[in-house]
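Visitor: return atomic coordinates for the entry below.
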Amino acid sequence: MSRKRNAIVATGLVAFVSAGLAFPFYMASKSSSKAPVIDSSKALPPQATFRGPYINTGSRDIGPDHKIYPKK
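Guide: Next up is the predicted model:
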């Protein structure tokens, strides 16, 4: 019984991991046929102009920047 249960758990884990790895590819192929995420004909919202059009979630942010920058 224990060996059968281990096989079921292992199969479930493999299915879960493979679904998790395939999900980004599915989303990329699905969204590539649609309009782009950021419409270049419109102005960027205020937060996007402050942070940039893409938020870099992989950066090692050390916190807010306390320096006051002059407006151009």
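Visitor: by contact count, what packs against the helix or strand containing I8?
Guide: Using DSSP states H and E, I8 maps to helix 2-32. Applying 3 or more CB pairs under 8 Å, 6 or more residues apart in numbering; DSSP states H and E, one finds that helix 2-32 makes contact with no other helix or strand. Where you see a C-beta, it was placed from the backbone N, CA and C, and this is true even at glycine.
Visitor: count the neighbours of R5 for me.
Guide: Other residues near R5 come to 9 when the count uses other CB atoms under 10 Å.
Visitor: repeat for L44
Guide: The burial count for L44: 14, using other CB under 10 Å.
Visitor: how is it assigned, secondary-structure-wise?
Guide: coil (DSSP: H, G, I helix; E, B strand; the rest coil).
Visitor: from P70, how far out is it?
Guide: Per CB to CB, to the nearest Å, L44 is found 21 Å from P70.
Visitor: how about I8?
Guide: Distance, I8 to P70, by CB to CB: 64 Å.
Visitor: those two: who's more crowded?
Guide: Shown here are I8 and P70; by other CB under 10 Å, I8 has more neighbours (10 against 4).
Visitor: how far away is H66 from K72?
Guide: Relative to K72, and taking CB to CB, H66 is found at 20 Å.
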